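*Asks:* got a predicted model here, sequence first, then my questions.
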Amino acid sequence: TVAVVLFTSDLRLHDHPPLRAALRAADEVVPLFVLDPGIHAAGFDAPNRKAFLADCLNDLDASLRRRGGRLLIRNGPVVREVRSVTAEYRATEVHIAAGVTAYAHHREERLRAGLGGSGVALRVHDAVITAVAPGAVTPSGSDHFAVFTPYFRRWSQESLRKPLAAPRTVRVPDGMRGEPLPDRAKVAGASPGLPAGGESSGRDRFSRWSRSGLSCYADRHDDLAGDATSRLSPYLHFGALSPVELVDRAREHGGPGADAFVRQVCWRDFHHQVLAARPEASTEDYRTRHDRWRKEDDAVEDIAAWRDGRTGYPVVDAAMRQLRHEGWMHNRARLLVASFLTKTLYVDWRIGARHFLDLLVDGDIVNNQLNWQWVAGTGTDTRPHRVLNPLVQAKRFDPDGTYVRRWVAELRDVDGARVHEPWRLPADQRDALDYPEPVIDLADGLARFQHARGRD
Ligand code: FAD
């Protein structure tokens, strides 16, 4: 017998319930990945993620080959390709991780309908993409938690499976042949500082970081220059690492750093259960606040300055340039640039979210849209009117300006915390810098936001 494992956002061999189940159920397994043009049509195949995905698929194929198997790549609409593969290899089952986005649910439904009548069973596995499946814990009277802290309390009480080992061997049908693997080198426009993708790189990174960074994570995760977070988000986004395994290993490690890290991984599950219950929140306000956000046409220059890292607020500009260079940004920096765009410049959160999705290697519809909504005050933040002052944030989380000097070349020669306020420098020094004046006075931005929200 033959079973197909359709890989989606779960590009790994360790702790992979669909693969484990398929290996148990059948003599041979077809590990399949479909490059669906729908992803392109939806605008989700930005160069950074495309390049990282290519690494993930090559690494998955290499790991399968070491176990006697290989990865089958097909190009085309996913349902058509799965039907064609099941027919070609006479498979009787298709195993897939349960999805959480509207796109993934729709894919699941279409697969079920597409396979119906062919005698091929679709087996859907929970808690592959998240540690706890969306909907597994709910408050009484609702289908999801709208506030993080009570969710975290309940989530922490769930017993997770013991992470599954990677299989020793994977037997695939003879002569299996598909399309060539995508090649990272052929992806145009990826950020120069993009990390290497794939399960092997992700596992190496986690092992190294859990020896050095995990213990001090609680104290240092907000230190912009220290760059002390795990940087595992792209691996989690593509499922190259299992959230169940990360939580398990962190808990084994123990201590305040591990606790704080597990809490952050829970934020990821939290957003997944919100979006699974409210798929429209990827584009519409989760909580209506009657904002009259400025749109693209009302704020062309401000938006361009923000995107290009030329707002005249050094910490904002540093972060936006890091995003362009690495396809990644520190969480504290994401918070403050998103607050700057939505609350100081009063620009629609969707404009910022789209720019992030164009560049972030971990960019995903769940965490990106819901974090943007959180910052914009239309989401799950219980203090929706708070505004992060970029100067206060800069002095607190980049006290001696190292982060700014790392990314804003024009300010490299300005010492210490003075770098955060170039407009206060002596006139001759200020004039010698090729650095813009602030696009807005912070007090004006705050007044506009408060006035607008007052109409709530
Ligand atoms: P660590 O601090 O090491 O945390 C470990 C893991 O926990 C992360 O890899 C991530 O999977 C998860 N995590 C941490 N914080 C959050 C959070 N607030 N929400 C959800 N999961 C979290 N994260 C994404 O994965 N994709 C996105 O598209 C994304 N967009 C964001 C947009 C905005 C405006 C903001 C404020 C945050 C966004 N985040 C997003 C969340 C967070 O910034 C990143 O997950 C984090 O910076 C990744 O770095 P790390 O792996 O070093 O995190």
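*Replies:* Sure, I can see it.

*Asks:* list the contacts for Q264?
*Replies:* H221 (CB atoms under 8 Å, 6 or more residues apart in numbering). C-beta: built from backbone N, CA, C; applies to glycine.

*Asks:* one more pass at 6 Å, please.
*Replies:* By CB atoms under 6 Å, 6 or more residues apart in numbering, no residues touch Q264.

*Asks:* measure it to A218 for me?
*Replies:* 10 Å (CB to CB, to the nearest Å).

*Asks:* skipping adjacent residues, who's closest to the most centrally placed residue in the chain in space?
*Replies:* For the chain, D362 is the residue whose C-alpha lies nearest the centre (CA atoms, centre = their mean; 3.5 Å). Distance criterion CB to CB, 6 or more residues apart in numbering; nearest residue to D362, sequence neighbours excluded, is S233 at 3.7 Å.

*Asks:* and the one you found, how many residues sit next to it?
*Replies:* Look at S233: counted by other CB atoms under 10 Å, it has 20 neighbours.

*Asks:* quick check, A185 in a helix?
*Replies:* Yes - inclusion of A185 in a helix is indicated when DSSP: H, G, I helix; E, B strand; the rest coil is applied.

*Asks:* next one: T101 from the ligand, what distance?
*Replies:* 12 Å (CB to the nearest ligand atom, to the nearest Å).

*Asks:* how about that residue: what's its closest non-neighbour residue?
*Replies:* I365 (5.6 Å).

*Asks:* and if you look at Y103?
*Replies:* Y103's closest residue in space is A42 (CB to CB, 6+ apart), at 7.1 Å.

*Asks:* which residues of the stretch 201-350 of the chain lie near the ligand?
*Replies:* Residues of the stretch 201-350 of the chain found near the ligand (CB under 6 Å from any ligand atom) are 221, 229-233, 236-237, 261, 264-265, 267-268, 271, 331, 334-335, 338.

*Asks:* are any of those residues buried, and which?
*Replies:* Neighbour-count burial within those applies to 221, 229-233, 236-237, 261, 264-265, 267-268, 271, 334-335, 338; the criterion is 16 or more other CB atoms under 10 Å.

*Asks:* thought L341 was touching V347, still the case?
*Replies:* Yes - counting by CB atoms under 6 Å, V347 touches L341, with 5.1 Å between them.

*Asks:* follow-up on the earlier one: so the residue nearest to the centre of the chain makes contact with L236?
*Replies:* No - counting by CB under 6 Å, D362 stays clear of L236, with 7.3 Å between them.

*Asks:* which parts of the stretch 351-456 of the chain sit against the ligand?
*Replies:* 356, 360, 362-364, 367-368, 371-372, 375.

*Asks:* so which residues make contact with the helix or strand of the chain with the lowest mean pLDDT?
*Replies:* Lowest on mean pLDDT, DSSP states H and E among the helices and strands of the chain sits helix 37-41, with a mean of 84. Helix 37-41 has contacts (CB under 6 Å, 6+ apart) with D45.

*Asks:* equivalent analysis for stretch 91-104, please.
*Replies:* So stretch 91-104 is contacted by 1-6, 10, 18, 21-22, 25, 105, 108, 121-126, 128-129, 134, 272, 276, 279, 365 (CB under 6 Å, 6+ apart).
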